[in-house]
Structures are given as C-alpha cells and as structure tokens.
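S.K.: give the three-dimensional model of this entry:
(one chain, ligands or ions: 1)
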Amino acid sequence: MSDKPIKFLLNTHHHGDHVGGNEVFRPFAMIVAHDNVRKHMLAAPADILREYPARLEAAKKADNAQTTKFLSEQIEWAKKAKVEEIAAPIMTFDSELKIFLGGETVNVWHLPPAHTDGDSVVYFEKARVLHMGDDFFNKVVPFIDVTHGGSAKGYITAIDRVIARVPPDAAVIPGHGEVSDVAGLKVLRQYIADIVAAAQKAKASGQSKDDFLKAVDLPAYKDWSGYTDRFKSNCGAAYDEAK
Ligand SMILES: [Zn+2]
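M.R.: Residues are numbered from 1 along each chain as shown. From the prediction side, this is the model:
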C-alpha cells in the first residue's frame, strides 16, 4: 500500500475481476491498457446480449444455480448499460510502453494472445517485480478466453517471451494465486505444454474431441483449484488449436 496519489491505472486485460475498479479510479487516474481491452469493454453489452441468453437456458436446464445467477445478472446489466459510460481505458497502446515514476521504470508489455488477445504484463525494473495479470495463474487452472482471442499455445509463447526479458530472480505476481517467482511461472508453462502435447497426440491419432475430453486426465495438476471447472475446457482449446 502507498499513501501517494494514484496517477495511473493499468488494466492487464478486460475481464470484470480486473477492470471492475476502473470507475472508482477514473476521476483521478489515467487508465491505460492495450487497444483490445478498450475494444472488448465497449463491446461487452452487445456481446452479452448476443451470447448469454443461450448460455442462460443451458445453465437453467443443467440446474446450475450459480451460473444461472451470474448470467442473469450480466444480462440485466447489459440491458441497462450505456456504452459511453463504461469506464474503459482512455489511453491505449498496441505493443509496449514505459512509465517513468521517480527512480522507477515501469515497463508495460503486450503479449501474444494467451489469456485474451489484450493481455499485458508489467515489469518494475528497479524493484525487479513482474506482474503477469492473468497470463499467470499460480497453482490454479487458468481460464483461456477463446471467445476473446485467447490461446493455449499462446500461453507458452507469451510466458517464454516474458521470461527472456526479466532477471531470473524477479518476484512474479500472478493474476490468481500466491506471489511467486520465475520458477513458479515455469510450472504454469509446463501445465500448458502438457495439455497441448496431450491434445496434439489425441488429434494425431484420430481421436475425436469428445473422446479426448472424456479420457484426458493429468493427475499432476489435480490439486490445483479450478481443476474440475476449467481443466476440460483448457484441453478443448488445446485440441481445437492442434494440427
Ligand atoms: Zn482474466
């Protein structure tokens, strides 16, 4: 925590759990993000009204109370939302930027599509601290947002690109999970590499996506939170990308 004024707010991507505070900061902070973050935030009401009603019906049929509640609330929000009032970033960039604050140099790097197609990570040079946004879930099964350009294979490319640019002793903050280090980040890279390899093997042997998803199992990651919710959808994304 700091008692200094907050001048900049960086959105690592457009998801609600990472941009939900924008409205609070908007009166006094410059909100900065990759071009696609603004694009996705402004498109959200239309996207929700187009895609969520069918998902809501499916959730109701499956008796999934939690998802039904979430989707209903989102639809209600989208009906009332005014695009011009959405607290989207007002300064955007397409590849990278630096912010010089006193003695600190803050590097913001957009990465190849991984969690979404608008991901950025932030590296504080002097402090040797890297914030990965949701390109790093620490011992938590990631969400790969394919409908917003996310990619399983892309996670590997993105992580490799970051590791090449930071010192090996950098502290690494994930979007979800405990603060970690470069070795911890490599564990997520291994998880992604393992699901990509499993999907490629299945596809090469002619296994259908349904059969692959029924059979696939990576016991090494079973104690990660989100395994039951997101593991199969990660595998589905990897299968769709496999050649
Ligand atoms: Zn996210």
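
S.K.: before we go further, residue 59 is sitting in a helix, right?
M.R.: Yes: read with DSSP: H, G, I helix; E, B strand; the rest coil, residue 59 is one of the residues of a helix.

S.K.: list the buried residues of stretch 168-187.
M.R.: By neighbour count on 16 or more other CB atoms under 10 Å, the buried set for stretch 168-187 is 170, 172, 173, 174, 175, 176, 177, 180, 182, 184, 185, 186. Where C-beta positions appear, they are placed from N, C-alpha and C, glycine not excepted.

S.K.: starting at the chain centroid, how far to that stretch?
M.R.: For stretch 168-187, the gap between its own C-alpha mean and the chain's C-alpha mean amounts to 15 Å (CA atoms, centre = their mean, to the nearest Å).

S.K.: mind checking if it is in reach of the ion?
M.R.: No: against the ion, stretch 168-187 shows no contacts by CB under 5 Å from the ion, the least distance being 6.1 Å.

S.K.: determine which two of the buried residues of stretch 168-187 are furthest apart.
M.R.: For the buried residues of stretch 168-187, the maximum inter-member distance is 18.7 Å, found between 170 and 176 (CB to CB).

S.K.: any residues of the protein in contact with the ion? List them.
M.R.: If contact is defined as CB under 5 Å from the ion, the residues of the chain in contact with the ion are 15, 134.

S.K.: what ranges do the strands span in the chain?
M.R.: With DSSP state E, the ranges of strands along the chain come out as 8-10, 30-34, 91-93, 96-101, 104-110, 120-124, 129-131, 171-173, 180-181.

S.K.: now the third one: average pLDDT?
M.R.: Okay, so that is strand 91-93. Averaging pLDDT along strand 91-93 gives 98.

S.K.: could you do the fifth one as well?
M.R.: On average, the pLDDT along strand 104-110 is 98.

S.K.: poorly predicted segments of this protein, please.
M.R.: In the predicted model, the chain carries pLDDT under 70 at residues 1.

S.K.: again, only this time at 80
M.R.: Under the criterion pLDDT under 80, the flagged ranges of the chain are 1-2.

S.K.: contacting residues for the closest residue in space to residue 150 that isn't next to it in sequence?
M.R.: With CB to CB, 6 or more residues apart in numbering as the criterion, residue 150 has its nearest non-adjacent residue at 4.4 Å, and that residue is residue 144. For residue 144, the contact set (CB atoms under 8 Å, 6 or more residues apart in numbering) comprises 114, 115, 150, 151, 152, 155, 233, 234, 237.

S.K.: same thing with residue 49?
M.R.: Shown in contact with residue 49 (CB under 8 Å, 6+ apart): 75, 78, 79.

S.K.: next: residue 109.
M.R.: Residue 109 touches 95, 96, 120, 121, 122, 123, 161, 162, 165, counting by CB under 8 Å, 6+ apart.

S.K.: cool, and residue 176?
M.R.: Counting by CB under 8 Å, 6+ apart, residue 176 makes contact with 134, 137, 138, 140.

S.K.: neighbour-wise, which of the residues you listed leads?
M.R.: For these, the largest number of neighbours (other CB atoms under 10 Å) sits with residue 134, at 24 neighbours.

S.K.: let me know whether it touches residue 16 as I believe.
M.R.: No: assessed by CB atoms under 8 Å, residue 134 is found out of contact with residue 16, at 11.8 Å.
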